[in-house]
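J.: From the sequence below, what's the structure:
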Amino acid sequence: MAEKEKEIALEEEIKADNVVVTGWLLYCKERKREYEQKKEMIINSSFSDRFSEVPGKAYISDSTARKAVKLAELEKTEKWIELIEEVERRLPWKMQLILRLRRESKYSRRFKGYWRVYVHMKYVEKIAAILNKSEEDVWVSEETIRRFWDKIVNYTARLAGKRGLL
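T.: Model prediction:
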C-alpha cells in the first residue's frame, strides 16, 4: 500500500512540474518583458530612502548592495528565460511551429479551452503551405499534436531539472 501511495505522489509531482513548465513555455515572452522592467527599475533606482526596506528582512544601508540583492532575487527568472529560449532554438522546426501555435491559441476566443483544435487546424494549414502540398497530404491527428506538445513539455522539464529549476 505504501508503495502505491509513493507512485501517486510521484505522479502528482510530475503533474505539478509540468504545470510550471507549461506556464513558462506559454508565457515566457510576457515574463521576460516583466523581468526586464523589474531589472531596469532596480538598476535605475537610487534606494536613497528606507521605503525599499522589505518587512522581515534586515535593512541594507549600502544602495549598491541593495541593488545586488534585488537583482539576485531575479536570477531564477533569468535562468528560466534562458532555458525556454534555448528549448525554442533546439526544437525541430515542426515542434517550433507547434510551440508558436500553442502560444497563439491562448488569445483565440473562438477556441478558448480547445487549444488542440486550434493548433491542429493551423498546423496542417501552415505545413501544407510550407511544403507546397494539400492539407490532406500533410494531415495529422489531434492526438499527434498532443504527443508533440507532451514531448516539448518533457524536453523542457528534463532540462529544467538538470539546471535545478524544478
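J.: Could you list every helix and strand that the helix-or-strand element of the chain with minimal mean pLDDT packs against?
T.: The helix or strand with the lowest mean pLDDT-type score in the chain, counting by mean pLDDT, DSSP states H and E, is helix 63-73 (a mean of 75). Judged by 3 or more C-beta pairs under 8 Å, 6 or more residues apart in numbering; DSSP states H and E, helix 63-73 is in contact with helix 2-44. Just so you know, the C-beta spots here come from the backbone N, C-alpha and C atoms, and that holds for glycine as well.
J.: Check which element follows the least confident helix or strand of the chain along the chain.
T.: helix 75-90 (DSSP states H and E).
J.: and that following helix with helix 2-44, angle?
T.: For helix 75-90 against helix 2-44, the angle between stretch directions is 100 degrees (axes from the mean of the first three to the mean of the last three C-alpha atoms, to 10 degrees).
J.: Residues contacting helix 75-90, please?
T.: Contacts with helix 75-90, where a contact means C-beta atoms under 8 Å, 6 or more residues apart in numbering, come from 24-25, 28, 31-32, 35, 96, 99, 152, 155-156, 159-160, 163, 165.
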